[in-house]
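Colleague: the following block contains a protein sequence and its predicted model.
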Amino acid sequence: MKILMVSMPTLHFFRWTSQLQDSGHEVYWFDISGMSIKVDRLAWVNQKIDWKLKYHYPGRIFMKNRFPIIYKNIQKFNERETATVFEKYLNEIKPDIVHSFALYVSCTPIFDVMKKYQHQKWIYSSWGSDLFYFQNKSKYLEDIKKVLPRINYLFTDCKRDLEIAKKYGFEGRFLGVFPGGGGFDLNEIERYKIPFEQRKIILVKGFQGRSGRAINILRAIEKLKIELSNFEVVIFGADIELSDYFYASDLSVWKNITIFRKISHSEVLELMGKSLIYIGNSNSDGIPNTLLEAICLGCFPIQSNPGGATAEVIQHQKNGLLIEDCENSEEIKNLILKSFSLLNNSKIDASEYDFEHIKKIVNQKYNLVDDTK
């Protein structure tokens, strides 16, 4: 079977696609950005990349950085149309299945083509905030309502998004809930884990941005200077907004707190393997991959619960704690204190997130689509 993946070049996409290696399927990737270089980890995939620009003229990056308005006007004539290039590629390879990842990124730009080819099977994977957040934005909601009735098959990373998809017109076949990047190699990450009783780190995801609410975690931590004095607090992935707050606060002089900006994925896993508690907070998400990784590495999770998604994984006060109001630092402070009494009795079975386990099921789902006439 020929499967045409349509996606931006992202870690989650690469990990998901790796589940199809050695599956016997012929896999193609249409890089929807049109700007990616060849991805070595997908060397076994036929890659349609670097198609966007007609000319890679000298000084293009300098022009883009120094004279953005002029650059934008030039690009109107220098960029190929996504739908035109995609349609040509579609007809060239004649796939059995087209699989798009993220609606507004990889479905909307090719919708007119897919509408034209009504008999072409189309899978859509909803990730994170793809439906939950963007249903509240009128322009994106128009796209959601336009695209979903054309979708034949749906993967999501939480049950919540199936209900949202149905609400806005999806009538196809649901293929199931799976982590956005597929499963995790539990044997490989085992090397990062230290015994639970030796852990002293409270690990905080430092994303603020559009949907992150890490500043509210820091506000909670500020109220717990004495209670956290025997712990090490580590913030990772801190963006500019979070960093500015941190360095303007009293936290910047605490001796038991460390802040990192962007660090590698392996460094994040190493931190998780040494952490006692993991805290993530946002106003919109599906099931965060970082949450699942923290669980797989033995951390006690405290996580926001937008639209009830996280409650599909965490049973409050049993195997973790749910932040119901992501804006309420007092609630977060009380949950951190509550976690100390639950640490020794709360474990989540991570075996269901094992890469090989999920890979087997995901491949069955693709085969199911192939058998559907």
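Modeller: All right, it came through fine. Numbering: from 1, shown residues only.

Colleague: so what touches the longest helix along the chain?
Modeller: In the chain, taking DSSP state H as the definition, the longest helix is helix 355-371. By Cβ atoms under 8 Å, 6 or more residues apart in numbering, the surrounding residues in contact with helix 355-371 are 1, 3, 16, 19-20, 23, 25, 96-97, 121, 123, 152-153, 155, 175-176, 178-179, 182-186, 351-352. C-betas here are computed from N, CA, C, even on glycine.

Colleague: try 7 Å this time
Modeller: 1, 3, 19, 23, 25, 96-97, 121, 123, 153, 175-176, 178, 182-185 (Cβ atoms under 7 Å, 6 or more residues apart in numbering).

Colleague: again, but for stretch 182-202
Modeller: 15-16, 19, 228, 231-234, 269-277, 279, 292-293, 296-298, 350, 353-355, 357-359, 362.

Colleague: 6 Å - rerun?
Modeller: Contacts with stretch 182-202, where a contact means Cβ atoms under 6 Å, 6 or more residues apart in numbering, come from 15-16, 19, 231-234, 269-270, 273-277, 296-298, 353-355, 358.

Colleague: kindly report the same for stretch 238-258.
Modeller: 206, 208, 209, 214, 215, 232, 233, 234, 259, 261.

Colleague: please flag which of the residues you listed sit within helices.
Modeller: Filtering those for helices - DSSP H - leaves 214, 215.

Colleague: taking the contacts of stretch 238-258, tell me the two that lie furthest apart.
Modeller: 209 and 232 (25.0 Å; Cβ to Cβ).

Colleague: how about stretch 6-16, which residues are buried there?
Modeller: 6, 7, 9, 10, 12, 13, 14, 15, 16 (16 or more other Cβ atoms under 10 Å).

Colleague: go through those residues and say which is closest to residue 40.
Modeller: The nearest one, if we look at the buried residues of stretch 6-16 relative to residue 40 and count by Cβ to Cβ, is residue 14, at 10.1 Å.

Colleague: the stretch 1-150 of the chain: helices as residue ranges?
Modeller: 11-17, 60-66, 68-78, 82-93, 103-106, 111-116, 138-147 (DSSP state H, counting those that start in this stretch).

Colleague: count the neighbours of residue 138 for me.
Modeller: 8 (other Cβ atoms under 10 Å).

Colleague: take the contacts of stretch 238-258 and lay them out in JSON lines including neighbour count.
Modeller: Shown next, in JSON lines, are these (neighbours: other Cβ atoms under 10 Å):
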{"residue": "206", "neighbour count": "25"}
{"residue": "208", "neighbour count": "23"}
{"residue": "209", "neighbour count": "12"}
{"residue": "214", "neighbour count": "25"}
{"residue": "215", "neighbour count": "19"}
{"residue": "232", "neighbour count": "17"}
{"residue": "233", "neighbour count": "22"}
{"residue": "234", "neighbour count": "18"}
{"residue": "259", "neighbour count": "19"}
{"residue": "261", "neighbour count": "13"}
